[in-house]
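> coordinates only, no sequence provided:
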């Protein structure tokens, strides 16, 4: 028996990995985060499978269901949104399973920031504009940020920021980032990226709160900040530069021909 922590992707049902879908199709138990995982994905479970939404459950209740599956020697598809490695609350579950000596495996998924960038046809790293992507969040009442990870510090990098779980902290985001990015810095607020009702707000640090309020978005949104989202001029990378040599392309040396 094994528990599979499966990343379901950002929302579109066809963005789950082939491996993840095949596991859901064969596991007799499917526990999924119903608030963010599309029903179409878990509908792939076997007809006689136990399919259960864990959104209203606490950690003890989830582990109890896994322990029951373990006793019955039934594999479990534990389905989370996005990628299990990012804000998935998977580590605490794995810690419990380690203590119970229950085997598990993690199946990666497409994270929300990657799904949003794809829908925007935007590369998050552009030559000499941004070469770093920071995935972060802001502190809330239930969870503060570790020392050194506040936006006032991360913003000094001027990197592309993917700020999760912070749609109600827009004043703080603006005030923290203004000294480094400027009020005219492009911002994209991605609401339910890749879902059928997805919405994207193209704005700036200065105007994002007003634009978000106008759109009446209060949850399930990702705030992306950076110069890469603006109309910027950047040079071509050297990857495909005809004058640039690398291990797979040696400029200046012609390949020898047989008999030459």
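Noted; the coordinates are in hand. Just so it is clear, the structure is predicted and the values come from calculations on it, not from any experiment. Residues are numbered from 1 along each chain as shown.
> what sits against residue 17?
Shown here is residue 17, whose contacts under the criterion C-beta atoms under 8 Å, 6 or more residues apart in numbering are 7, 9, 107, 108, 109, 110. In this view, the C-beta of every residue, glycine as well, is placed from N, C-alpha and C.
> how about the last one: what's its closest non-neighbour residue?
Spatially, and ignoring its direct neighbours in sequence, residue 110 is nearest to residue 9 (4.3 Å; C-beta to C-beta, 6 or more residues apart in numbering).
> do the same with the first one
Distance criterion C-beta to C-beta, 6+ apart; nearest residue to residue 7, sequence neighbours excluded, is residue 109 at 1.9 Å.
> low-scoring stretches of the stretch 51-200 of the chain, by residue?
Per-residue confidence for the stretch 51-200 of the chain (pLDDT under 70) gives these ranges: 141-142.
> strands of that one, residue ranges please.
Along the stretch 51-200 of the chain, the stretches classed as strands by DSSP state E, counting those that start in this stretch are 76-80, 104-107, 133-137, 160-164, 186-191, 199-204.
> closest one to residue 154 among the ones you listed?
Judged by C-beta to C-beta, the one of the strands of the stretch 51-200 of the chain that comes nearest to residue 154 is strand 133-137, at 5.6 Å.
> buried sites along that closest one?
133, 134, 135, 136, 137 (16 or more other C-beta atoms under 10 Å).
> and it with strand 160-164, angle?
Comparing the axes of strand 133-137 and strand 160-164 via axes from the mean of the first three to the mean of the last three C-alpha atoms, to 10 degrees yields an angle of 20 degrees.
> before we move on, the earlier item: between the contacts of residue 17, which sits nearest residue 229?
Proximity to residue 229 was ranked across those by C-beta to C-beta; first place goes to residue 110, at 19.6 Å.
> distance of that closest one relative to residue 212?
Between residue 110 and residue 212 the distance, using C-beta to C-beta, to the nearest Å, works out to 24 Å.
> so the residue nearest to residue 7 makes contact with residue 18?
No. Residue 109 sits out of contact with residue 18 when judged by C-beta atoms under 8 Å, with a separation of 11.6 Å.
> higher neighbour count, these two?
Neighbours were tallied for residue 109 and for residue 18 using other C-beta atoms under 10 Å; the higher tally belongs to residue 109 (28 against 7).
> got a winner among the contacts of residue 17 for most neighbours?
Neighbour count (other C-beta under 10 Å) singles out residue 109 as the most crowded of the contacts of residue 17, with 28 neighbours.
> just the helices from the stretch 1-150 of the chain, written as ranges.
Using DSSP state H, counting those that start in this stretch, the helices of the stretch 1-150 of the chain run over residues 18-26, 39-42, 59-71, 91-100, 112-120.
> any chance of those helices in TSV, plus distance to residue 239?
Below are these laid out as TSV (distance: least, C-beta to C-beta, whole Å):
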stretch	distance to residue 239
helix 18-26	28
helix 39-42	35
helix 59-71	44
helix 91-100	35
helix 112-120	18
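> of those, which approaches residue 191 most closely?
Each of those was scored for nearness to residue 191 using C-beta to C-beta, and the closest is helix 112-120 (9.6 Å).
> just want the angle from the closest one to strand 133-137.
In terms of direction (the same axes, to 10 degrees), helix 112-120 departs from strand 133-137 by 120 degrees.
> centre of the chain to helix 112-120, how far?
9 Å (C-alpha atoms, centre = their mean, to the nearest Å).
> residues contacting that helix, please?
For helix 112-120, contacts defined as C-beta under 8 Å, 6+ apart pick out 9-12, 15, 81-82, 123-124, 133, 135, 162, 164, 188, 190, 193-194, 198, 200, 222, 224, 229.
> try stretch 159-171
Identification of contacts with stretch 159-171 by C-beta under 8 Å, 6+ apart yields 86-87, 112-113, 124-125, 130-138, 140, 151, 154-155, 172-173, 177, 189, 208-209, 212, 217-228.
> tell me the contacts of the closest residue to residue 104 other than its chain neighbours?
The shortest distance from residue 104 to any residue other than its chain neighbours is 4.1 Å, reached at residue 3 (C-beta to C-beta, 6+ apart). By C-beta under 8 Å, 6+ apart, residue 3 lies in contact with 66, 69, 75, 76, 78, 97, 102, 103, 104, 105.
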